[in-house]
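[1] no sequence on this one, just coordinates:
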């Protein structure tokens, strides 16, 4: 894992907390492989829309199909992997 990937994971965690207003969490509370939905962080479908907006705003990634969004928004690892491959900003 590169330093850039490590930094990007930290940044994504900070953005998840900021965009979803998860004020009780710190970035280190979110594990890289912790599911964002269901048992893990317990996010819901509204949160997934917020995260898709965040990806668009912060990284220039446009996800049109919610099914694609679900594949990307599994955990921090899958988000970062997708960002690294698809970012335009």
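    Alright, I've got the coordinates. Keep in mind it's a predicted model, so treat the numbers as computed, not measured.
[2] from here on, contacts and neighbour counts on C-alpha atoms
    OK.
[3] Low-confidence bits of the chain, can you list those?
    1 (pLDDT under 70).
[4] Mind listing what's buried along the longest helix seen in the chain?
    Scanning the chain for the longest helix, with DSSP state H as the assignment, gives helix 3-19. For helix 3-19, a neighbour-count test (16 or more other CA atoms under 10 Å) marks 8-10, 12-17 as buried.
[5] With stretch 77-84 instead?
    The neighbour-count check on stretch 77-84 (16+ other CA under 10 Å) flags 77, 79-80, 82-83 as buried.
[6] What distance do you get for residue 2 to residue 54?
    Remark: distance between residue 2 and residue 54 (CA to CA, to the nearest Å) = 23 Å.
[7] re the thing from before, ok, the buried residues of helix 3-19 vs residue 88, which is closest?
    Among the buried residues of helix 3-19, residue 8 lies closest to residue 88 (CA to CA), at 14.5 Å.
[8] Pull the contacting residues for that closest one.
    By CA atoms under 8 Å, 6 or more residues apart in numbering, residue 8 lies in contact with residue 80.
[9] Check residue 25 too.
    residue 17.
[10] Shouldn't it be within a strand?
    No: looking at residue 25 with DSSP: H, G, I helix; E, B strand; the rest coil, it is coil, so not inside a strand.
[11] got the buried residues of helix 3-19 as TSV, with distance to residue 70 columns?
    Output for the buried residues of helix 3-19, formatted as TSV (distance: CA to CA, whole Å):
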residue	distance to residue 70
8	20
9	18
10	21
12	16
13	17
14	20
15	18
16	15
17	18
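[12] And for the residue nearest to residue 14 when sequence neighbours are not counted, the neighbour number?
    Excluding its sequence neighbours, the residue lying closest to residue 14 (CA to CA, 6 or more residues apart in numbering) is residue 27, at 5.7 Å. Neighbours of residue 27 under the rule other CA atoms under 10 Å: 16.
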